[in-house]
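# Sequence and predicted model, in that order:
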Amino acid sequence: MPDHTLPEDYFDRLYAARDDPWDYETSTYEAAKYAATLAALPRARYASALEIGCSIGVLTERLAARCDRLLALDGAEQALEQARARCRPLGHVRFEQGTVPASFPDGPFDLILLSEVGYYLPPADLARLRDLIARHLEPGGHLVLVHWLAPVPGCALTGDEVHAAFLADPRFGLRTASREEAYRLDVLERTA
């Protein structure tokens, strides 16, 4: 398995070419996936949530309704500008620029969302991220993993491999699992 990293400016170039490179605002696939993600959350409300890879904030805006505090993280400043504008009326939502695992924010969190991000990391970085999530997610807190199933060009891992890495860790127990035609959604619970 290759252990490579995408160019540092990969996402900056994508957002420079198109404001919404994955059509988050208009895609029926994305809208259905966001609805499934929110429906899979085991609790009606979370005290402190972290969204890793928030992009332009379409899911962030929807997730905010279920959180007392939400920290949204992304590496691309151009994406964050759009996310901040979209969520400006939501005073309980904060945004930070950074990439995981290097810029993992302090917790604790009772919800962490890792959606369409894990396969962009080389295996060693995914292992570091898994350890950081385990340290910052409260016991009984939820980790939501959502990833595309087809291989992603330039990525070392598939969505299934990302999920398998977390499921193999005894610090996480599987709550629910869903496999659609194009993506997989697993909700894990941090064990005591």
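Ah, there it is.

# buried set for stretch 77-84?
For stretch 77-84, burial by neighbour count (16 or more other Cβ atoms under 10 Å) applies to Gln78, Ala79, Leu80, Gln82, Ala83, Arg84. For every residue, glycine as well, the C-beta is placed using N, CA and C.

# Now do the phi/psi pair for the residue nearest the centre of the chain.
By Cα atoms, centre = their mean, the chain has its centre lying nearest to Leu114, at 2.3 Å. Leu114 adopts backbone torsions of phi -120, psi 100, taken as degrees, to the nearest 10.

# circling back to that earlier point, make TSV from the buried residues of stretch 77-84 and add pLDDT to it.
Output for the buried residues of stretch 77-84, formatted as TSV (pLDDT from 0 to 100):
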residue	pLDDT
Gln78	89
Ala79	89
Leu80	92
Gln82	93
Ala83	96
Arg84	97
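
# Correct me if wrong: the residue nearest to the centre of the chain contacts Leu143.
Yes - counting by Cβ atoms under 8 Å, Leu143 is a contact partner of Leu114 at 6.9 Å.

# quick one: contacts for Tyr46?
Residues in contact with Tyr46 (Cβ atoms under 8 Å, 6 or more residues apart in numbering) are Arg66, Cys67, Asp68, Asp110, Leu111, His142.
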